[in-house]
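Structural data only, the sequence is not supplied:
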């Protein structure tokens, strides 16, 4: 598009926002009825034990914690019911992890897979994915490209370049080819970012995670990645499929991200879980800023890198960014 | 010979015939199949295959500074990207690994063709000769009308590439008897290290090097590079910051500075302006551009106004009317530029070269082919006027930067 604010673009954007406003919670509304609709609820689920030792030794604990978070999120009577309120057995689910720098812990993804199983989603309909096979493997994921079991692969798993759509998709200011995993191989997305600092975007959380779904994220880091992050997640390939954010705070980083920097490692001993992906990011960013304050660092906004995309997403009606209006629950 | 060996070993008689025919018909741009099945050179009728790269190459980058917390600042181009550990710059081909900046495309060629030099286009640089033309993935701006977006707007992992070190490239160029290597198609500034090393080596072997660039580069790397180059073509996208910002994700000011530096260096320069209807074709803008060229570069820098075809992110515009190109050409001529061309319009008289003094037709072109060239010893045979340009390999290789 030659002009950023052409009439056609404006109309397209308004249309996208209008369609996207209800999506994060629309399914839950259908499940509960309006009276019990969770209003931008975000659950911060913690267990001190998760902050210490090897995470692999706490797999059961992680699953129980996530189940508890899902119950509180959905007001369901038990864990299985909670997962069923968000996922159907027929869903093809893509679990988008973040393996650039400090990575999503495989144990957290295992807990999500366990939850999906409770909802009746068969293993074969679950894909754990990110950009590159090599980054997934480096982060401790066992690649599986067979038709048996939970699949795990990068967009680059096929021939060079073939993992992306061939056509450029425009959304707001971005023009990108999307991963074919996101466009054709799944119906439902779960974003599983790491709770971490980002030197340009401020925070790399659930929305920023989908930079890994486009072929050219390097083009969209100016202006604190804003509004580009929101442009990416506003696209129907993401917006229409995204149902849940599970932000991994078991191994977090409060400064100098996204690369791993042990000097700024930290843990909340848990997860940030929400179906309103703007609210989930807002709460996670708040946790990040709180930790920076504890360590005597400037808040992200005062450090010249506010996570502007969160408020931009809210301004476009994609979710709630006002912490005062978010139902934040600690488990 | 169906693969890489086509370009990178001695050609057979059949190859030469194929190549000769293809060069004559070389109107098409280089096409790279992003599906990765074939990295094919349509223009040259030759094909890259063989040992494709798995992943990326890693080579130390030039022109960057260390920052705190393992971050780096790239000072190769005006963007001056500040790049955190494990991240890449805007170009997508330069990556910070543990506080060390690396290029991921050193010798990772995704395109290699033997093109007429007119295709670059360079009309005053050894007309009728060929240029061994190469590219890697990546670009440091994003033109929404990019004709080669399938390689320029992708990262190296997403494009089929073949590792070719400078020695092999020189050997292949010699085998094809090309007097010139052209660094082109995507944006050579982003594969600066490879271009720099290859151009230096090429000179030792009697081969010239021309950079076909957007001019988005800082002064120091440009000056260092021009010690080895023999010609430069700069895409002068427009004469407004608005166009650069909205249509190219760049800025005009740094490009103007680069043009001043190129003039100061004294290397042969030609300018190309791709005219996109309604976006950069206003008579006033073209007039101001022409006046700037006269004031800063002088009347002897050729300007090419070329035709836009809908592509990439501008698909809702028609092709540039020929009358618009003719108008731009007339405005620039009236401003005092001696050699102004209409491009991407085969058989148009605006593709030919006329002596600026007596209007005698000096070079007639048909597309990228030269039908005749009457320039003799760099002069018009009719009036004896010196015609600006590089007319021999000896002249090309004799170039040394003035400053």
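Nice, thanks for sending it over. No experiment lies behind these values; they were computed from the predicted model shown.

For residue B:362, which three-state class applies?
strand (DSSP: H, G, I helix; E, B strand; the rest coil).

again with residue A:195
With three-state DSSP as the basis, residue A:195 sits in strand.

cool, and residue A:245?
Per three-state DSSP, residue A:245 ends up strand.

list the contacts for it?
By C-beta atoms under 8 Å, 6 or more residues apart in numbering or on different chains, the contact list for residue A:245 reads A:190-193, A:205-206, A:272-275, A:277, A:280-281. Where C-beta positions appear, they are placed from N, C-alpha and C, glycine not excepted.

Report the beta-bridge partners for it.
Per DSSP bridges, residues listed as beta-bridge partners of residue A:245: residue A:191, residue A:274.

Now do it against residue A:136, distance only.
In this view, residue A:245 and residue A:136 are 20 Å apart by C-beta to C-beta, to the nearest Å.

Residue numbers of the stretch 201-350 of chain B in contact with chain A?
Within the stretch 201-350 of chain B, the positions adjacent to chain A are B:246-247, B:249, B:276, B:279, B:312-314, B:317 by C-beta under 8 Å from any C-beta of the partner chain.

Which two of these have the greatest separation?
Using C-beta to C-beta, these reach their maximum pairwise distance at B:249 and B:317, which is 18.2 Å.

need the next SSE after the helix or strand where residue A:67 lies, C-terminal direction.
Per DSSP states H and E: residue A:67 is located in helix A:59-74. Following helix A:59-74 in sequence order, the next helix or strand is helix A:79-86 (DSSP H and E).

C-terminal to that following helix, which secondary structure element comes first?
strand A:93-97.

list the buried ones in the helix or strand hosting residue B:323?
Taking DSSP H and E as the criterion, residue B:323 maps to helix B:322-335. Across helix B:322-335, burial judged by 16 or more other C-beta atoms under 10 Å in any protein chain shown covers B:324-329, B:331-333, B:335.

For these, give me a markdown table that also has pLDDT.
Shown next, in a markdown table, are the buried residues of helix B:322-335 (pLDDT from 0 to 100):
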| residue | pLDDT |
| --- | --- |
| B:324 | 98 |
| B:325 | 98 |
| B:326 | 98 |
| B:327 | 98 |
| B:328 | 98 |
| B:329 | 98 |
| B:331 | 98 |
| B:332 | 98 |
| B:333 | 98 |
| B:335 | 98 |
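
out of those, who's nearest chain A?
residue B:324 (16.0 Å; C-beta to the nearest C-beta).

quick one on the thing from earlier: for ChimeraX, write a command that selects the buried ones of the residues of the stretch 201-350 of chain B next to chain A.
For the buried members of those, the matching ChimeraX selection, counting by 16+ other C-beta under 10 Å, is:
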select /B:246,247,249,276,279,312,313,314,317
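
so of the residues of the stretch 201-350 of chain B next to chain A, which ones are in helices?
B:246-247 (DSSP state H).

Just confirm residue B:215 is within a strand.
No - Residue B:215: not assigned to a strand; according to three-state DSSP it is coil.

residue contacts, it?
Residue B:215 makes contact with B:234-236, B:254-255, B:258-259, B:262, according to C-beta under 8 Å, 6+ apart.

list the contacts for residue B:309?
Residue B:309 touches B:147, B:319, B:344, counting by C-beta under 8 Å, 6+ apart.

Secondary structure element holding it?
Going by DSSP H and E, residue B:309 is not in any helix or strand.

How is chain B partitioned into domains?
Domain ranges of chain B: B:5-29+B:107-397, B:59-103, per automatic domain parsing.

where among the ones you listed is the average confidence lowest?
Of all the domains of chain B, domain B:5-29+B:107-397 carries the lowest average pLDDT, namely a mean of 93.

which one is the residue in the stretch 101-250 of chain B positioned nearest to chain A nearest to, not counting chain neighbours?
Nearest residue of the stretch 101-250 of chain B to chain A (C-beta to the nearest C-beta) works out as residue B:158 at 4.4 Å. Nearest residue to residue B:158, sequence neighbours excluded (C-beta to C-beta, 6 or more residues apart in numbering or on different chains): residue A:161, at 4.4 Å.

What distance do you get for the residue of the stretch 251-400 of chain B found nearest chain A to residue A:170?
Chain A sits closest to residue B:313 of the stretch 251-400 of chain B, with a gap of 4.8 Å, by C-beta to the nearest C-beta. From residue B:313 across to residue A:170, the span is 7 Å (C-beta to C-beta).

Residue B:197 too?
If you go by C-beta to C-beta, the gap between residue B:197 and residue A:170 works out to 38 Å.

How about residue B:308?
Noted for residue B:308: a distance of 19 Å to residue A:170, by C-beta to C-beta.

swap in residue A:82?
Distance of residue A:82 to residue A:170, given as C-beta to C-beta: 37 Å.

ok, those two, which is more surrounded?
Taking neighbours as other C-beta atoms under 10 Å in any protein chain shown, residue A:82 and residue A:170 compare with residue A:82 leading, 24 against 15.

ok, which stretches of the stretch 151-300 of chain A are strands?
Assigned strands in the stretch 151-300 of chain A, in chain order: A:151-154, A:169-171, A:174-176, A:188-192, A:194-198, A:202-204, A:242-253, A:265-266, A:270-274 (criterion: DSSP state E, counting those that start in this stretch).

Give the residue farthest from the middle of chain B.
Ranked by distance from the centre of chain B (C-alpha atoms, centre = their mean), the top residue is residue B:69, with 36.7 Å.

Leaving out chain neighbours, which residue sits closest to that one?
Of all residues not flanking residue B:69 in the chain, residue A:256 sits nearest, at 4.2 Å (C-beta to C-beta, 6+ apart).

follow-up on the earlier one: quick check: mean pLDDT of the helix holding residue A:67?
Mean predicted confidence for helix A:59-74 is 97.

Endpoints of stretch A:49-64, how far apart?
End-to-end distance of stretch A:49-64 (C-alpha to C-alpha, to the nearest Å): 13 Å.

neighbouring contacts of it?
A:47, A:65, A:105, A:107-108, A:110-111, A:114-115, A:250-251, A:267-270.

switch the cut-off to 6 Å
Applying C-beta atoms under 6 Å, 6 or more residues apart in numbering or on different chains, the contact partners of stretch A:49-64 are A:47, A:105, A:107, A:110-111, A:114, A:250, A:267, A:269-270.

Compare the domains of chain B and give me the one nearest residue A:294.
domain B:59-103 (18.6 Å).
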